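Novice: Structure for the following, please:
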Amino acid sequence: MIISILLLSGLIGCSDTSGEVTDWPWDEPQTEQPDVDVPNEWTDVTSQYAGLSDGIMIMTATMLENKPAVAYIAVADLSKVDFGVWGINDPVLEGTKDSFKTPSGINAEVGAQVVVNGGFFYSSGGTNYSSSLAVSEGTVLSVNINYASEDWVTMYYPTRAAFIEDSEGKFDACWTYYKTDGKHYMYSQPSPNSWTEKPQKTPSADFPVKAEEFAAVNAIGAGPVLINDGKAVDTYVEELFDGAGGIGPDSSQPRTAVGATSDGRLIFFVCEGREMTEGVHGLTTGEVADVLAELGCVEAINLDGGGSSCMLVAGQETIKVSDGSQRAVASAIYLK
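Specialist: Next up is the predicted model:
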């Protein structure tokens, strides 16, 4: 695997590098679909970013899954850097007056080396809501939203993705459900919902499988789960992320994701889309799962994409964000 091979010689830092990052110091992506399969190839650009810890490697790709791409990964050795979560304070789905912040605003607050956007969110009536789990140093800032509907008559109760760091520093991708009575569960399998079928019953301690009480030191939610126990799963159907109000999992879009390798390294992933660079449309969630699996991830989830997708390295943007400027978000993950 690409990352495994590169890490044999250790992560390459650049704390002694001076100067600013120039725009596009590597090859522009190909703008036409190739006639033959092109392997995913990553170029180390860590030296383009001044002041990074030697526990962080930054890499970029201009062709992924046989598509023109502008994509970045940050690979973190957690013996040298820390993983953190930022989020608004909306712990029981009731909303908050806390402000959404851009990744640059979050970076200014937490002083991180790498920041990427986190989970889903919305605003209503002057109140801000997080739709996705965020846990920071044991404090639950928000939970995964526990309902979904296409017509607001038939209601579904999906389990949704979470990427969790436990008390031993291990990472796991799982599915969670927060009940209105305050019970909070984690599952090794999703509830088998589908928009084309009648709703499954409300998740409980024994459904869809035997649950564990939710516990995490740090965690971020969104969805779908991309990789679980070393297998690509892409559970967007079960998590109800397809359909009119979904995330277009089968369409090419800007994407953000997070994963962990078998040796405990973290990978933050982001890719450009919507032709912010000519010819670059983005990836499907299944393609992101394949990319992360090839990089050695054994646990991974999809985060909010589209106009939210953004990665800052040393305070500087990597991809061209599809809104034209950074979107203010409800949560983020970072390396410090």
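
Novice: wait, residue 224 sits on residue 235?
Specialist: Yes: using C-beta atoms under 8 Å, residue 224 is in contact with residue 235, at 4.6 Å. Yep, even glycine has a C-beta here, placed from its N, CA and C like the rest.

Novice: tell me, what's touching those two both at once?
Specialist: residue 161 (C-beta atoms under 8 Å, 6 or more residues apart in numbering).

Novice: how many other residues sit next to the residue lying closest to residue 320 once chain neighbours are set aside?
Specialist: Leaving aside its chain neighbours, residue 320 sits nearest to residue 276 (3.9 Å; criterion: C-beta to C-beta, 6 or more residues apart in numbering). By other C-beta atoms under 10 Å, 17 other residues sit near residue 276.

Novice: Check residue 99 too.
Specialist: There are 10 residues near residue 99, going by other C-beta under 10 Å.

Novice: now the helices for the protein?
Specialist: If DSSP state H is used as the criterion, the helices of the chain fall at 2-7, 103-110, 285-294.

Novice: what distance separates stretch 234-253 from the centre of its chain?
Specialist: Distance of stretch 234-253 from its chain centroid, counting by C-alpha atoms, centre = their mean, to the nearest Å, is 15 Å.

Novice: go on, stretch 83-93?
Specialist: 15 Å.

Novice: May I have that stretch as CSV, with CA atoms only?
Specialist: Extracted in CSV, the C-alpha atoms of stretch 83-93 (Å, rounded to 0.1, in the frame of the first residue of the first chain):
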residue,chain,number,x,y,z
PHE,A,83,-6.2,14.7,17.1
GLY,A,84,-8.9,17.1,18.1
VAL,A,85,-12.6,17.9,17.5
TRP,A,86,-14.3,21.3,17.4
GLY,A,87,-18.0,21.9,17.4
ILE,A,88,-21.0,24.0,18.4
ASN,A,89,-22.7,23.1,21.6
ASP,A,90,-25.9,21.3,20.6
PRO,A,91,-25.8,18.1,22.7
VAL,A,92,-29.5,17.1,22.6
LEU,A,93,-30.7,18.2,19.1
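
Novice: List the neighbours of it that are in contact with it.
Specialist: Stretch 83-93 is contacted by residues 76, 96, 98-101, 106, 109-110, 112, 118-119, 121, 128-130, 134-136, 140-143, 145-146, 165, 178, 182, 218-220, 266, 330-336 when judged by C-beta under 8 Å, 6+ apart.

Novice: now the end-to-end length of stretch 226-240.
Specialist: Length of stretch 226-240, first residue to last, C-alpha to C-alpha, to the nearest Å: 14 Å.

Novice: Next up, the contacts around the residue nearest to residue 320.
Specialist: Contacts of residue 276 by C-beta under 8 Å, 6+ apart are 70, 254, 319, 320, 321, 322.

Novice: And it, its phi and psi?
Specialist: phi -60, psi -30 (degrees, to the nearest 10).

Novice: Tell me where the model's unsure across the stretch 1-150 of the chain.
Specialist: Applying pLDDT under 70 to the stretch 1-150 of the chain flags residues 1-36, 38.

Novice: Give the buried residues for stretch 107-121.
Specialist: 107, 112, 113, 114, 115, 116, 117, 118, 119, 120, 121 (16 or more other C-beta atoms under 10 Å).

Novice: any idea how far residue 283 is from the closest residue to residue 150 other than its chain neighbours?
Specialist: Using C-beta to C-beta, 6+ apart and skipping residues adjacent in sequence, the residue nearest residue 150 is residue 243, 5.9 Å away. Here the criterion is C-beta to C-beta, to the nearest Å. By it, residue 243 lies 20 Å from residue 283.
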